[in-house]
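# Give me a model of this one.
(chains A and B)
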Amino acid sequence: MNFLEFLQQNWSELLALTREHLFLVSISTLFAVLIGVPLGILLTRKKSLQTPVLGVANILQTVPSLALFGLLIPIAYIGGIGAKTAIIALTLYSFLPIIRNTVAGISGVDAKVREAAVAMGMTDAQVLRQVELPLALPVILTGIRVAVVISVGVATIAAAVGAGGLGTYIFRGLRQNDNNLLLAGAISSAILALTADFALGKIEKLFALVRAENKSVNRRRKFITVGATALIVSLLGFSFISNFKSEISNSKAVSGIGNEKIRVGSKDFTESIVLAEILAQMLEKKGVSVERQFELGGNLAHDSLLSNQLDVYPEYTGTAFTAILKHQPITNPDAVYQQTKSEYAEKFNLVLSPSLGFSNDFAILVRGKVARDLNLKTISDAVPNAKNWQAGFGQDFMSRGDGYAGFARSYNFNFAKQPREMDLSLTYRALAAGQVDLIAGNSTDGLISALDLFQLEDDKKYFPPYQAVFIARKDSLQTLNETFEKLNNVISTEEMRRLNYEVDGNKRAARDVAGDWIKQKSF
Amino acid sequence: MTENAQTIVEFRNVNFQIGAAKILDDLNLQIEQGETLILLGESGCGKTTTLKLINRLIEPTAGEVFVEGKSTMDWDAIKLRRKIGYVLQEAGLFPHFSVERNVALVPSLENWDEAKKRKRVLEMLELVGLSPQKFAKRFPHELSGGQRQRIGVARALAANPSILLLDEPFGALDPITRMNLQKEFAALVKNLSKTTIFVTHDLREAILLGTRIALMEKGRIILLETPENFVESSQPLARAYLETISAMAKQRDSATNNTN
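Purely as a prediction, here's the structure:
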């Protein structure tokens, strides 16, 4: 599928994502202006506050965006997943340019003009409204423009906390190795940023012309200001109304079906989404209303379960055992399952479903051609070749307890160079393209057969087992239990690999792939 | 000044300090209704500080300033300022206001009705010698320095204040424009009979405009005289000021003699 065909087919989704993106940026900018401008004004009145407040705003700005989103998640009331968290994070990011420019703009007003204003008997409010703000306006507008451009960029990260927006395409594109998705997401957000920059720059210029003011400029200024305001208001109204509509239809769905409502989450990779979609659709068939919170990054899904923003999501026993319970990896699948189950119940009051039937273990992968040429079968076979090889691993594998360090030690691997650390989804592509020679992927990944990669056998049994299960809040178990039992041990590794490939390789929607599978199993 | 002249502004034992630095040191001064008092002195002598104490742009560290018999600290600052006209060096006009709006500033703050305001603006522009048709709609950056200063005076007079404060209003103008404005202003003040307090470091301006001259040094008034008595004074600083004028006169005389 070329890019234009892609656009034709996905036009409405792209528009919806752009609208979400615009919604996030405009709401957060609105908040940042409503809070930042008065705060900036206050700082010009109480100068002793300038250093601490601008210092805090400065620090907020330097927090990496993904980290800021992550930090907000566990905080009660303001955190969590969805648009709210994203809007708060974006608002925090927008503070610095807006506050700083408000202070700079007002402080930059000619001292003689301010003195005259006070001496003529203007009150502080009149000085501010009639003299300082109009004269500072171009500088304040510059601050707002900078904030908007930053926000359009940062808002792409919002997809990681389930807030939607164009980042959804970017993350999905990375995950599925799909250039069309990546381009659609990246180009759209770039166009959005440039358009906002250009439009706000125009408005700003008109206000800067205040000194060369004459009737025609005045009229044009009014015209453009009114036009821009109308545009912004209608865009906001549009996104509000459409968001509101979907809220209403959601609540209708809930009320129509009864009290049962389950919030299903997924992690941010294809398999997790497909599994979550299977569960969601089976629940919907039962008449349960489902709210989907998919594509959550890192341990976000787990945190959301704990903070009661989700009811259930797919997880792997090995991940729960090592990454969340912080145990050293062990290799007996049943032991891992049992210990995870009992500790989850005790520590988190969460329950594990029965195993779905497959494990998604770490898979040490090489190019198929290399494996055939060198006759490689096991990881041990590959060790002698490593001195000429470059390895590439996801951040996760590099840092976790059962990851790279222990792996290299137990197999006595010596790579030519330090392994390259990159996004997991990029490692497959890098391997296939010959940029790296060995990666650690997931054994159920559809790309393994699609890209002609070969999984080396873990002959020293280093990697712990990653059985797929659902993890749920205890209070939702009553609704979920029947479906959990139906899904007990029904998906094999090969089957999961095929489902993943339907999405990643054949570019089908996870929703359709899950639906077909359910039909085929005649649940 | 007549025998029964009324004191309209009075400084009583006024000190003004910024940290340890004494700007005004036990200042006592009475300003009579209708006079034009010149505050003369070098930069840093406290003359602008004295001016700003009158409309409470700053407040005394010790002592009191009385305006119309009431301490400035007992006045509502906003009310006080609106009845006192204020002209600064380089005018301090609002760059985003037209000439018309600049002049109408205090009347607008006082909520005059539109017709009255417009009429007053026209009067004021005529008064300072600028054609309303030509200038009312202009903006400050479209005016020359002298024109801006005229607008500054018009703005200060618009609400018909009883007291007018001027802080080196003609200081930044070229010599010819300055002289013209000084002459016109002298006539204007005479006609309006307002109490005027005028800060300058130019003795000729002081003699031309003042009914009394207060010579200031290091936060004190060291000489307070009518212009006639001032030129006769033996006070050393006053003499130094006078010499700047006579030196110029001598140079001019010798220059004329040489050409003859």
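
# Find the nearest non-adjacent residue to the closest residue to chain B within the stretch 401-523 of chain A, please.
Using Cβ to the nearest Cβ, the closest approach of the stretch 401-523 of chain A to chain B is made by A:D423 at 51.4 Å. All C-beta spots, glycine's among them, are computed from the backbone N, C-alpha and C. Spatial nearest neighbour of A:D423, chain neighbours left out: A:L174 (5.9 Å); criterion: Cβ to Cβ, 6 or more residues apart in numbering or on different chains.

# Double-check that that neighbour belongs to a strand.
No: under DSSP: H, G, I helix; E, B strand; the rest coil, A:L174 falls outside any strand and is assigned helix.

# quick one: pLDDT of it?
A:L174 is assigned a predicted lDDT (pLDDT) of 76.

# ok, back up a step: for the residue of the stretch 401-523 of chain A closest to chain B, grab the count of nearby residues.
A:D423 has 14 neighbouring residues, counting by other Cβ atoms under 10 Å in any protein chain shown.

# Please report phi then psi for the residue nearest the centre of chain A.
Chain A has A:A160 as the residue nearest its centroid, 1.1 Å off, counting by Cα atoms, centre = their mean. In terms of degrees, to the nearest 10, the main-chain angles of A:A160 are phi -70, psi -20.

# ok so, going back, and the residue of the stretch 401-523 of chain A closest to chain B, how far is that from A:V56?
32 Å (Cβ to Cβ, to the nearest Å).

# which ones are touching the residue nearest to the centre of chain A?
A:L66, A:F69, A:G167, A:F171, A:D268, A:E295, A:L296, A:G297, A:G298, A:L300 (Cβ atoms under 8 Å, 6 or more residues apart in numbering or on different chains).

# where does the chain have its least confident helix or strand?
Using chain A here. Ranked by mean pLDDT, DSSP states H and E, the weakest helix or strand in chain A is helix A:215-257, scoring a mean of 57.

# Wait, chain B was what I had in mind.
helix B:236-259 (a mean of 74).

# Tell me which stretches of the stretch 151-260 of chain B form strands.
B:163-167, B:195-200, B:212-217, B:220-225 (DSSP state E, counting those that start in this stretch).

# Listing partners with orientation, what would you give for the second one?
Think strand B:195-200. Each strand paired with strand B:195-200, and its direction, by DSSP bridges: strand B:36-40 (parallel), strand B:163-167 (parallel).

# Taking strand B:220-225 as reference, get the angle to the first one.
Right, the one you point to is strand B:36-40. Calculated by axes from the mean of the first three to the mean of the last three Cα atoms, to 10 degrees, strand B:36-40 forms an angle of 130 degrees with strand B:220-225.

# Quick check: A:R400 vs chain B, distance?
61 Å (Cβ to the nearest Cβ, to the nearest Å).

# residues contacting that residue?
A:R400 is in contact with A:T322, A:A323, counting by Cβ under 8 Å, 6+ apart.

# now do 10 Å
For A:R400, the contact set (Cβ atoms under 10 Å, 6 or more residues apart in numbering or on different chains) comprises A:G318, A:T319, A:T322, A:A323, A:P329, A:F362, A:G394, A:G406.

# Likewise for B:F198?
By Cβ under 10 Å, 6+ apart, the contact set of B:F198 is B:36-40, B:47, B:51, B:87, B:164-170, B:185, B:189, B:205-206, B:209-210, B:213.

# same thing with A:D334?
A:T317, A:S355, A:P465, A:Q467.

# can you check B:R118 too?
Applying Cβ under 10 Å, 6+ apart, the residues near B:R118 are B:E100, B:A104, B:P107, B:W112, B:P132, B:A136.

# I figured B:R101 hits B:L109, correct?
No: B:R101 is not in contact with B:L109 according to Cβ atoms under 10 Å; the separation is 11.6 Å.

# Find the residues that touch each one of the two.
A:Q130.

# sorry, back to before: most surrounded residue in the contacts of A:R400?
That'd be A:G318 among the contacts of A:R400, by other Cβ under 10 Å, with 26 neighbours.

# ok, the residue lying closest to B:E59 once chain neighbours are set aside - how many residues close by?
Nearest non-adjacent residue to B:E59, counting by Cβ to Cβ, 6+ apart: B:M73, 6.7 Å away. When neighbours are counted by other Cβ under 10 Å, B:M73 registers 12.

# Tell me the backbone dihedrals of B:M73, please.
B:M73 adopts backbone torsions of phi -70, psi -20, taken as degrees, to the nearest 10.

# any weak-confidence spans in the chain?
By default, I'm working from chain A. Scanning chain A for pLDDT under 70 picks out the ranges A:1, A:74, A:76-80, A:175-177, A:209-226, A:228-230, A:232-259, A:401.

# wrong one, chain B
Using pLDDT under 70, chain B drops low at B:1-5, B:248-249, B:252-253, B:255-260.

# who in the stretch 51-200 of chain A is up against chain B?
A:109-124, A:126, A:130-131, A:134-135, A:137 (Cβ under 10 Å from any Cβ of the partner chain).

# Mind checking which of these are buried?
A:109, A:113-122, A:126, A:130-131, A:134-135, A:137 (16 or more other Cβ atoms under 10 Å in any protein chain shown).
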